[in-house]
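Asker: 3D, please:
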Amino acid sequence: MEHNVALITTIAAGFGLALIFGFIAERLKTPALVGYLLAGIAISPSTPGFVADIGIASQLSEIGVMLLMFGVGLHFSLDDLLAVKRIALPGAIVQMAVATALGMTLAMWWGWSAGAGLVLGLSLSCASTVVLLKALESRGFLETMNGRIAVGWLIVEDLVTVLILVLLPSFATMLGGSSGAENATDPLWYTIGITLLLVSAFIALMLIVGRRVLPWLLWQVARTGSREMFTLAVVAAAICIAYGAAALFNVSFALGAFFAGMVMRESKFSQRAAEESLPLRDAFAVLFFVSVGMLFDPAVLVEEPMRVLGVVAIIVVGKSVAAMLLVLMLGYPLNTVLIVAASLGQIGEFSFILAGLGLSLGLMPAEGMSLVLAGALISIAFNPIAFAAIVPFRNWMLKHSALARKYENRDDPYAELPMSTERKFLQGQVVLVGYGHVGQRIANALNEQNIPYIIAEQNRELVQDLRKQGINAVSGDATDPSVLIQAHITDAGMLVIATPDPLNVRQMIDTARTLNPDIEIVLRTRSEDESKLLRNDNMGTVFFGEEELAKNMTHHILNRFNTKSEAPH
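Answerer: The predicted structure is shown next:
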């Protein structure tokens, strides 16, 4: 009887302890992920008491990997990545190379093989997207430019790691491990060539066929009106494609699930797919972290404290310092430097997947997995402290360091308008804050009417592109008075705030009215309550999305029935 309920016992113990430890972690202001890992340690063979079935937990973790990667693909936006490509692409690749080199150096100093050192270094080089998103969201950084840079940086890391997961088995034999292939006598170039050919075939199939078939399939299922059928279609697509990729193309479950999510994003039901599958993805993600915790041997903290300290130093200090230097070299301000550095000072899900693969290929000793897990636990627990220290540390540096003040105030060619700017753009113009979807529509309308305007935008790369198109734009956060001054707010005729950020809107308005008391202000919000508050506080002409949509639809209906009426107010 006990044998027959091993699956139920493992799931019950995993979920039950994950809830308890996760709740405690959240109460201590630590990510719940730490609690899930501790739950796994509690039911592992390395600790006394109940021991869960490791074989079953391993299979459950594979499903967790599939659904985790499916979620990453479902939220992967090429546009978001391209918006910060000039910093995210070189920054992530160089930072991963530095962290990998540090990990290899440390491992070889311990006497490990080059293959073991490579896997350890790669495992320490990639930060957790899950931890980062939660950290940015809790502090209101997610929708800021600095938040987009950090997320874009990690997207590049995720893509590089997915590529490594695909190629590592082909190099395993050369590095001293086992490829797991049936025919290990084939030359390396042949094995790599076949691997790349199969991966390319799978990617081509997904991009050419999958991006047409999956959205069509979702549409057909959605037409049934059955919610459970829609959820089933989403989950079945994720797991079946991941399994098919592994069985037919020798591609990892992770890559198959990632492309399933990325292709499903093409559907107009992608948002619903993300919402419907979220509970199941969260549940199996918990089991994934619990199963990873089961592989951790707490004895490593006592037996090898210096090795644990070395791993933590690479994660928290080495990666962060490398990122800081790179971002400074690329010309970004101190605040961006500190946020990116704090974002990268931890490791998570991809590190576990990489370390697990290295373990299964015989490249890394079991101790390596325990060291990676110890580094993850400590770095994730420390990460909220790192984010909380950004503002006081920045203020301290600016107060005590002339070099920090130099970097904070250094000349940026995109932070001020060129001297050749025509006079009509400097007096009576519109200052347009934000160049997203709404801002672009407004700018296009102003162009059609030949109304001069200046754009204030946080995305430095976007400002650079706008300048190349001959559009007047300044780079920076419009809550900073210097940015509005550079946009010549003192002589402007109107301030249009096209970003729906309620935390910063009031500060922008106060700054603008201080510099130009007579300026007219137009702004947008996402919340009806915020819209009412802004109107009651006389903050300007406020537009709320649903309200304006209702007005326009009503106006269209009345016109259709030949009713001479203006849109309702």
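Asker: ok, now which ones touch residue 351?
Answerer: 123, 124, 126, 128, 372, 375, 376 (CB atoms under 8 Å, 6 or more residues apart in numbering). (Glycine included, C-beta is placed from N, CA and C.)
Asker: give me that answer again for 6 Å
Answerer: Neighbouring residues of residue 351 by CB atoms under 6 Å, 6 or more residues apart in numbering: 123, 126, 372.
Asker: And it, which helix or strand is it part of?
Answerer: helix 349-360 (DSSP states H and E).
Asker: repeat for residue 7
Answerer: helix 6-27.
Asker: need the next SSE after that helix, C-terminal direction.
Answerer: Using DSSP H and E, the next helix or strand after helix 6-27 towards the C-terminus is helix 32-42.
Asker: so what does the helix holding residue 7 touch, helix or strand wise?
Answerer: Helix 6-27 sits against helix 32-42, helix 54-74, helix 270-293, with contacts defined as 3 or more CB pairs under 6 Å, 6 or more residues apart in numbering; DSSP states H and E.
Asker: Just put the ones you listed in CSV and tack on mean neighbour count and mean pLDDT.
Answerer: Putting these into CSV (neighbours: other CB atoms under 10 Å; pLDDT from 0 to 100) gives the following:
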stretch, mean neighbour count, mean pLDDT
helix 32-42, 25, 86
helix 54-74, 22, 79
helix 270-293, 21, 81
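Asker: quick one, which of those helices is nearest to residue 398?
Answerer: Of all the helices and strands packed on helix 6-27, helix 32-42 sits nearest to residue 398, with 32.5 Å by CB to CB.
Asker: quick one: contacts of that closest one?
Answerer: Residues outside helix 32-42 that contact it (CB under 6 Å, 6+ apart) are 17-18, 21-22, 25-26, 286, 289-290, 293-294, 296, 377, 380-381.
Asker: Using PyMOL, define a selection of the buried residues within those residues.
Answerer: Filtering those down to the buried ones (16 or more other CB atoms under 10 Å) takes a single PyMOL command:
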select buried, resi 17+18+21+22+25+286+289+290+293+294+296+377+380+381
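Asker: In the stretch 101-250 of the chain, where is pLDDT below threshold?
Answerer: For the stretch 101-250 of the chain, the stretches with pLDDT under 70 are 134, 137-138, 140, 142-143, 176-189, 191-192.
Asker: Could you pull out the helices in it for me?
Answerer: Using DSSP state H, counting those that start in this stretch, the helices of the stretch 101-250 of the chain run over 114-125, 129-138, 145-171, 188-205, 211-223, 227-249.
Asker: Let me know which of the ones you listed is the nearest to residue 314.
Answerer: Nearest of those (CB to CB): helix 114-125, 5.2 Å.
Asker: chain center to that closest one: distance?
Answerer: 23 Å (CA atoms, centre = their mean, to the nearest Å).
Asker: just stretch 35-42 next, same as before
Answerer: How far stretch 35-42 lies from its chain's middle: 24 Å, per CA atoms, centre = their mean.
Asker: Double-check that residue 495 belongs to a strand.
Answerer: Yes: using DSSP: H, G, I helix; E, B strand; the rest coil, the assignment for residue 495 is a strand.
Asker: Was I right to think residue 352 contacts residue 291?
Answerer: No: using CB atoms under 6 Å, residue 352 is not in contact with residue 291; the gap is 9.1 Å.
Asker: centroid residue for this protein?
Answerer: With distances taken as CA atoms, centre = their mean, the residue of the chain nearest its centroid is residue 151 (3.6 Å).
Asker: Distance of that one relative to residue 461?
Answerer: Distance, residue 151 to residue 461, by CB to CB, to the nearest Å: 15 Å.
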